[in-house]
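# Need the 3D shape of this:
(one chain, ligands or ions: 2)
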Amino acid sequence: MAGVEASCALIVIGVSGSGKSTVAEALGRRLDWRFEDGDSFHPPSNVAKMSAGHPLTDEDRWPWLNAIADEIARVCKAGEHVIIACSALKHTYRDVLLRGRDDVRFVFLKGTQELIADRLAHRKGHFMPPELLTSQFRTLEPPGASEHVITVSIDESVEAIVEDILQQLKFDGEKHEAMS
Ligand SMILES: Nc1ncnc2c1ncn2[C@@H]1O[C@H](COP(=O)(O)OP(=O)(O)O)[C@@H](O)[C@H]1O
Ligand SMILES: O=C(O)[C@H](O)[C@@H](O)[C@H](O)[C@H](O)COP(=O)(O)O
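Ligands and ions are numbered 1, 2, ... in the order given. Predicted coordinates for the structure are as follows:
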């Protein structure tokens, strides 16, 4: 599938509770790509701050985003593939992750605050308080047409979302090949 093979990393982005980890893991199984949860790159201070109900600031996020960007650079240099779940809420955050690369694609999980709040209400064993969802939407800058992003609705089964992503990646790859 040209679109996918042209990329060394797929980053599944969206607000807390949009399904990034769930979808990224399922997509990784379909593509046989390693899955990495962006949350594991947070310094303990960030996790403690969110767990205490405080939203992160840009200053909190830069070291976290750069740690993920370092991992992307390492994987791509090694000729490997990775799928990373990372909220990447702002345009500037996504620029930090990309570092000007054209072999990394974003997959934006799009859904209403109401639907995501309901999913968070049923999520167990995660440090992120559902109460922070409003601040997540306030911070979110949805990807624009100029960004290398595939957008999918989350109001589907995980399987249907993965199929949608694969179809869009395939289409995008064929379009890219036709243009090259
Ligand atoms: N497509 C879906 N349909 C129903 N529930 C979902 C779907 N995707 C994720 N979930 C559930 O929603 C909650 C949030 O998903 P999660 O992957 O933790 O989101 P994120 O990583 O973006 O915070 C979890 O309890 C998960 O099982
Ligand atoms: O940038 C941020 O404010 C955080 O990174 C946030 O967006 C992320 O969602 C948390 O790390 C919780 O992780 P979940 O997205 O898995 O709930």
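# strands paired with the biggest strand by length in the chain, and their directions?
Assignment by DSSP state E gives strand 104-110 as the longest strand of the chain. In the sheet, strand 104-110 lines up against strand 9-13 (parallel), strand 149-153 (parallel) (DSSP bridges).
# pLDDT score assigned to the closest residue in space to Gly79 that isn't next to it in sequence?
Of all residues not flanking Gly79 in the chain, Cys8 sits nearest, at 7.5 Å (C-beta to C-beta, 6 or more residues apart in numbering). C-beta: built from backbone N, CA, C; applies to glycine. Predicted confidence (pLDDT) for Cys8: 95.
# I'd say Cys8 and Arg74 touch.
No. Between Cys8 and Arg74 there is no contact under C-beta atoms under 8 Å: 10.3 Å.
# OK, contacts around Ile161?
19, 23, 26, 109, 152-154 (C-beta atoms under 8 Å, 6 or more residues apart in numbering).
# Spell out which parts of the protein neighbour ligand 1.
14, 16-22, 85, 119, 122-123, 154, 157-158, 161 (C-beta under 6 Å from any ligand atom).
# let's go with 5 Å and repeat that
Residues of the chain lying near ligand 1 by C-beta under 5 Å from any ligand atom: 16-22, 119, 123, 158.
# Counting neighbours, which of those end up buried?
The neighbour count (16 or more other C-beta atoms under 10 Å) marks 16-22, 119 as buried among these.
# Out of those residues, the closest to Arg94 would be?
Checking these against Arg94 by C-beta to C-beta gives Lys20 as the nearest, at 13.7 Å.
# For the closest one, give me its contacts.
Lys20 makes contact with 12-14, 38, 85-87, 109 under the criterion C-beta under 8 Å, 6+ apart.
# Redo the strands paired with strand 104-110 as JSON lines? Include distance to Gly79 and mean neighbour count.
Formatted as JSON lines, those follow (distance: least, C-beta to C-beta, whole Å; neighbours: other C-beta atoms under 10 Å):
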{"stretch": "strand 9-13", "distance to Gly79": "12", "mean neighbour count": "28"}
{"stretch": "strand 149-153", "distance to Gly79": "23", "mean neighbour count": "18"}
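# and of those, who's closest to ligand 2?
strand 9-13 (9.2 Å; C-beta to the nearest ligand atom).
# next one: phi and psi at Leu133?
Main-chain dihedrals, Leu133, degrees, to the nearest 10: phi -60, psi -40.
# Ser18 is in contact with that one, correct?
No. The criterion here is C-beta under 8 Å, and Leu133 misses it with Ser18 at 9.7 Å.
# For those two, list the residues in contact with both.
Common neighbours of Leu133 and Ser18, counting by C-beta under 8 Å, 6+ apart, are Ile116.
# and this protein, which of its residues are near ligand 2?
By C-beta under 5 Å from any ligand atom, the residues of the chain that approach ligand 2 are 16, 39, 56, 87, 128.
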